[in-house]
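# need coordinates for the following:
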Amino acid sequence: MKQDLEKQNQAIKLRFSGHQTFVARNGWLEKGARLVTENPRGFLDDNAVVLLGVGKNMVESIKYWGLQTGLIEDGQTPGMMQLTAFGRFIFGDGKEPGADPYLEDEATLWMLHYKMVTETPTSTWTMVFNHYNKPEFRKEELLQFIMRRLDEGNKSVSNKTIERDIDCFVRTYAGTRVKGGEESFDSPFLALHLIQATSDSGLYRLNIGRKNNLPEALVGYAILRYMKSIKELDVNLSRLLFDPCSPGQVFKLDQGALVDAVLSLEKECKKISYSDTAGLATVRYNGDRLKLEDDAKLFLEHYYQEKEA
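Numbers count the residues shown, from 1 in each chain. Sure, this is the predicted structure:
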């Protein structure tokens with residue numbers, strides 16, 4: 001048993017650095033995707049600073065954000081990078097146009113957020129959106145929370161590294177104050193309104209509830225992906241609200257918002273159904289278990305096709 005736990009802990013990957021303290025700025029993800037498409041070794045090119053129009057540290061940051069958002073990945077040859085299947089879906093493959101090559105649709109930002117908190121190594125992002133259950137936080141509270149989680153997993157990361165990751169995390173979603181009290185709008189993820197600063201200096205609030213710019217199709221995608229991860233097709237609503245990697249946690253939805261999304265999806269496609277019998281609310285996938293992943297992708301494809309129509 002002890003050896004099994006040790007193997008499990010060793011398998012947990014950590015990524016509390018790599019962004020060079022820079023948030024993902026407007027235009028960076030598009031630049032990174034274009035660079036990789038035109039030259040798989042682009043990030044190693046001495047000319048990358050010129051091609052991307054940023055400083056050397058920012059080149060590394062752009063690469064980091066491309067990886068974190070699931071848009072790019074390492075190629076088969078060391079040093080080479082390529083667009084992922086998701087990256088090709090968004091930006092195109094050179095032959096077929098992408099669904100949102102200029103990241104103009106806020107739904108795409110929600111998908112990038114989803115990738116960052118469900119499909120990447122452990123970081124402040126994955127910790128907060130999957131395991132932190134309080135509606136408000138201060139940076140020092142997040143530091144203590146993350147350190148405890150790492151201690152429980154026999155993992156060690158320096159306080160300074162985590163502090164920098166927390167600071168970048170907060171600026172990604174809540175911005176930062178600059179001279180004159182104005183806010184910086186460098187990060188495109190500010191549009192998601194997931195975290196907001198309060199009137200109490202240093203206190204931040206997670207925005208839990210309905211998200212007006214979150215399409216129901218993305219909630220359906222997240223539901224099916226969650227079902228696949230736990231290998232269950234009939235899931236209690238509370239698990240879809242509170243389990244790690246569930247749509248409730250990832251998108252910070254409350255029960256009303258999640259139920260409304262499920263009911264709307266039930267009317268549109270019949271792949272998802274909702275029942276509330278004797279006070280037990282459940283959501284069920286009505287398709288073929290072997291097609292669960294394909295049906296999840298169909299939610300995305302149909303959404304972007306309707307946007308084009």
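# Ser17 touches Asp165, doesn't it?
Yes: with contact defined as CB atoms under 8 Å, Ser17 reaches Asp165; the gap is 6.7 Å. In short, each C-beta sits where N, CA and C put it, glycine included.
# neighbour-wise, which of these two wins?
Shown here are Ser17 and Asp165; by other CB atoms under 10 Å, Asp165 has more neighbours (24 against 17).
# starting at the chain centroid, how far to the strand or helix carrying the more buried one?
Under the criterion of DSSP states H and E, Asp165 resides in helix 159-174. Relative to its chain's centre, helix 159-174 lies at 16 Å (CA atoms, centre = their mean, to the nearest Å).
# who touches that helix?
Contacts with helix 159-174, where a contact means CB atoms under 8 Å, 6 or more residues apart in numbering, come from 16-17, 19, 21-24, 123-125, 128, 139, 142-143, 146-147, 184, 187, 189-190, 192, 194-197, 204.
# ok, then the element right after it?
Sequence-wise, the next helix or strand downstream of helix 159-174 (DSSP H and E) is strand 195-197.
# that older thread, send me the helix holding Asp165 as CSV with only the CA atoms.
The C-alpha coordinates for helix 159-174 follow below in CSV (Å, rounded to 0.1, in the frame of the first residue of the first chain):
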residue,chain,number,x,y,z
ASN,A,159,7.1,29.4,-0.8
LYS,A,160,8.5,32.1,-3.1
THR,A,161,7.7,30.0,-6.2
ILE,A,162,4.1,29.5,-5.1
GLU,A,163,3.7,33.2,-4.1
ARG,A,164,4.7,34.2,-7.6
ASP,A,165,2.3,31.7,-9.1
ILE,A,166,-0.6,32.9,-6.9
ASP,A,167,0.2,36.5,-7.9
CYS,A,168,0.1,35.6,-11.6
PHE,A,169,-3.1,33.6,-11.1
VAL,A,170,-4.9,36.6,-9.4
ARG,A,171,-3.7,39.0,-12.1
THR,A,172,-4.9,36.6,-14.8
TYR,A,173,-8.5,36.8,-13.6
ALA,A,174,-8.8,40.0,-11.5
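# which residue ranges of the chain form strands?
For the chain, the strands defined by DSSP state E cover 72-74, 81-83, 136-138, 195-197, 203-206, 234-236, 272-277, 280-285.
# I'd like the mean pLDDT over the last one, please.
The predicted model assigns strand 280-285 a mean pLDDT of 96.
# what comes into contact with stretch 243-257?
With CB under 8 Å, 6+ apart as the test, stretch 243-257 has contacts from 110, 113-114, 117-118, 129-131, 194, 206-211, 214, 218-219, 222-223, 225-226, 229-230, 237, 239-242, 258, 261.
# now the terminal residues of that stretch, how far apart.
Stretch 243-257 has its terminal residues 16 Å apart, counting by CA to CA, to the nearest Å.
# buried residues in that stretch, which are they?
Asp243, Cys245, Ser246, Pro247, Gly248, Gln249, Val250, Phe251, Lys252, Leu253, Ala257 (16 or more other CB atoms under 10 Å).
# show me which of these is closest to Thr37.
Val250 (28.2 Å; CB to CB).
# any figure for the gap between that closest one and Glu119?
Distance from Val250 to Glu119, counting by CB to CB, to the nearest Å: 11 Å.
# which residues in the stretch 201-309 of the chain form helices?
216-230, 237-242, 247-250, 255-269, 292-308 (DSSP state H, counting those that start in this stretch).
# which among those is found nearest to Val50?
helix 292-308 (33.1 Å).
# could I get the closest one in PDB with only the CA atoms?
The C-alpha coordinates for helix 292-308 follow below in PDB (Å, rounded to 0.1, in the frame of the first residue of the first chain):
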ATOM      1  CA  LEU A 292     -18.900   9.800 -25.000                       C
ATOM      2  CA  GLU A 293     -15.800  11.700 -26.100                       C
ATOM      3  CA  ASP A 294     -17.100  12.200 -29.600                       C
ATOM      4  CA  ASP A 295     -20.400  13.600 -28.300                       C
ATOM      5  CA  ALA A 296     -18.500  15.900 -26.000                       C
ATOM      6  CA  LYS A 297     -16.700  17.300 -29.000                       C
ATOM      7  CA  LEU A 298     -19.900  17.600 -30.900                       C
ATOM      8  CA  PHE A 299     -21.100  20.200 -28.400                       C
ATOM      9  CA  LEU A 300     -18.200  22.400 -29.300                       C
ATOM     10  CA  GLU A 301     -18.500  21.800 -33.000                       C
ATOM     11  CA  HIS A 302     -22.200  22.600 -33.100                       C
ATOM     12  CA  TYR A 303     -21.700  25.700 -31.000                       C
ATOM     13  CA  TYR A 304     -19.200  27.200 -33.400                       C
ATOM     14  CA  GLN A 305     -21.200  26.100 -36.500                       C
ATOM     15  CA  GLU A 306     -24.200  27.900 -35.200                       C
ATOM     16  CA  LYS A 307     -22.100  31.000 -34.600                       C
ATOM     17  CA  GLU A 308     -21.000  31.000 -38.200                       C
END
